[in-house]
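Structure for this input, please:
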Amino acid sequence: MPGSPFRLGKRNRRRRGATRTPLLARLAGVLENNFRSVFAAAGCIVTSSLVLCSLACVLDRPISQVEVAGQLERVARVQIEEAVAPFRGAGFLSVDLHALRSALESIPWVDHARVERRWPSGVRVLLTEHVPAARWGEDGLMNTRGELFMSNVRHVPPELPQLIGPEGTQAQVAKRYLETYPRLLAVGLRLASVELDPRGAWELTLSNGVRVRLGRRDVDERLERFIRAASPLVAARSGEVAYIDLRYSNGFAVGWNAPPTRVARSNDPSPGG
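Have a look, this model is predicted:
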């Protein structure tokens with residue numbers, strides 16, 4: 001029958017099946033185009049990588065020149081050459097700049113090193129030397145940051161202040177010096193030495209030879225007392241004062257230098273004459 005619903009349902013199924021084929025075809029076309037794009041991109045990446053590798057091999061030529069800059073007074077050229085020698089065979093791009101910098105900073109008197117590449121096959125080195133600010137003990141040198149950078153120095157500048165203390169107290173003693181120096185300078189006195197003994201007691205020595213004993217406790221308060229009450233005496237009679245002892249709850253004690261002994265001469269008058 002023309003109006004049979006059975007026949008209509010069959011035609012509809014045929015139509016739905018017919019629409020699936022073009023969809024699958026289009027999906028297959030999209031996937032094919034995507035695969036082609038992926039393969040093309042992969043080819044470009046591989047080609048670019050090969051070009052970059054070839055370019056790196058051409059540019060990574062051995063280092064042939066080392067340029068040294070900086071105001072150097074203590075560091076010798078031969079020391080720099082010895083530090084740089086192991087890196088001369090390295091390539092311009094592959095050289096380990098961090099390792100080179102560490103090798104340069106291991107040279108005595110070198111405080112900081114900056115290393116950079118210089119086209120086409122060189123390296124530029126900028127060195128900064130330590131600035132000695134104080135002596136540590138008898139033969140050590142400390143920089144402006146209070147760091148001990150050299151020991152067993154043969155020729156220590158005698159004009160540098162001397163800092164003394166047990167091993168490992170360098171920073172503590174340097175801090176005390178840096179805090180005390182400007183305060184004494186403000187009252188006309190120069191600090192020549194700061195000492196911390198193994199018991200933890202502090203003693204200062206002024207440039208005129210006067211020793212200031214601060215002890216172990218209340219060091220800041222005792223220093224303030226010296227500046228306020230004892231420094232005028234030291235400034236006025238420095239040749240007579242041997243030490244100022246502030247290890248008292250209130251006040252201080254003064255140690256006087258012995259007066260010079262007068263030697264009698266043969267032509268001096270006799271006591272009865």
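
can you map out the helices along this protein?
Per DSSP state H, the chain carries helices over the ranges 5-59, 77-84, 97-105, 170-185, 219-225, 231-236.

weakest of those helices in terms of mean pLDDT?
Set side by side, the helices of the chain show their lowest mean pLDDT on helix 5-59, which sits at a mean of 53.

how about the strands in the stretch 101-250 of the chain?
Read by DSSP state E, counting those that start in this stretch, the stretch 101-250 of the chain holds these strands, from start to end of the chain: 110-118, 122-129, 132-136, 140-143, 148-150, 162-164, 191-196, 202-206, 211-215, 241-245.

now the first one: how far from the chain's centre is it?
It stands for strand 110-118. The gap between the average C-alpha position of strand 110-118 and the chain average comes to 14 Å, counting by C-alpha atoms, centre = their mean, to the nearest Å.

Give the rounded mean pLDDT of that strand.
On average, strand 110-118 scores 94.

Now do that strand: which elements does it pack against?
Using 3 or more C-beta pairs under 8 Å, 6 or more residues apart in numbering; DSSP states H and E as the contact test, the elements touching strand 110-118 are helix 97-105, strand 122-129. The C-beta positions use only the backbone N, C-alpha and C, and glycine is treated the same way.

From the contact counts, what lies against the shortest one?
Read it as strand 122-129. For strand 122-129, the contact count by 3+ C-beta pairs under 8 Å, 6+ apart identifies strand 65-69, helix 77-84, helix 97-105, strand 110-118 as packing neighbours.

now those as TSV including mean neighbour count and distance to N257?
Conversion of these to TSV gives the following (neighbours: other C-beta atoms under 10 Å; distance: least, C-beta to C-beta, whole Å):
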stretch	mean neighbour count	distance to N257
strand 65-69	13	53
helix 77-84	15	48
helix 97-105	16	48
strand 110-118	16	42
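
now those as JSON lines including distance to I164?
As requested, those are exported to JSON lines (distance: least, C-beta to C-beta, whole Å):
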{"stretch": "strand 65-69", "distance to I164": "37"}
{"stretch": "helix 77-84", "distance to I164": "30"}
{"stretch": "helix 97-105", "distance to I164": "28"}
{"stretch": "strand 110-118", "distance to I164": "23"}
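
quick revisit: turn the helices and strands packed on strand 110-118 into CSV, including distance to N152.
Compiled in CSV, these are given as follows (distance: least, C-beta to C-beta, whole Å):
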stretch, distance to N152
helix 97-105, 19
strand 122-129, 18
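
closest one to A253 among those?
Across these, the minimum distance to A253, taken as C-beta to C-beta, is reached by strand 122-129, at 44.7 Å.

How about exporting the closest one as PDB, limited to the C-alpha atoms?
Below are the C-alpha coordinates for strand 122-129, written out as PDB (Å, rounded to 0.1, in the frame of the first residue of the first chain):
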ATOM      1  CA  GLY A 122      87.600  35.000  22.600                       C
ATOM      2  CA  VAL A 123      86.700  35.500  26.300                       C
ATOM      3  CA  ARG A 124      86.800  38.700  28.200                       C
ATOM      4  CA  VAL A 125      87.700  38.600  31.900                       C
ATOM      5  CA  LEU A 126      87.100  41.500  34.400                       C
ATOM      6  CA  LEU A 127      88.900  40.900  37.700                       C
ATOM      7  CA  THR A 128      88.300  42.800  41.000                       C
ATOM      8  CA  GLU A 129      90.900  42.500  43.700                       C
END
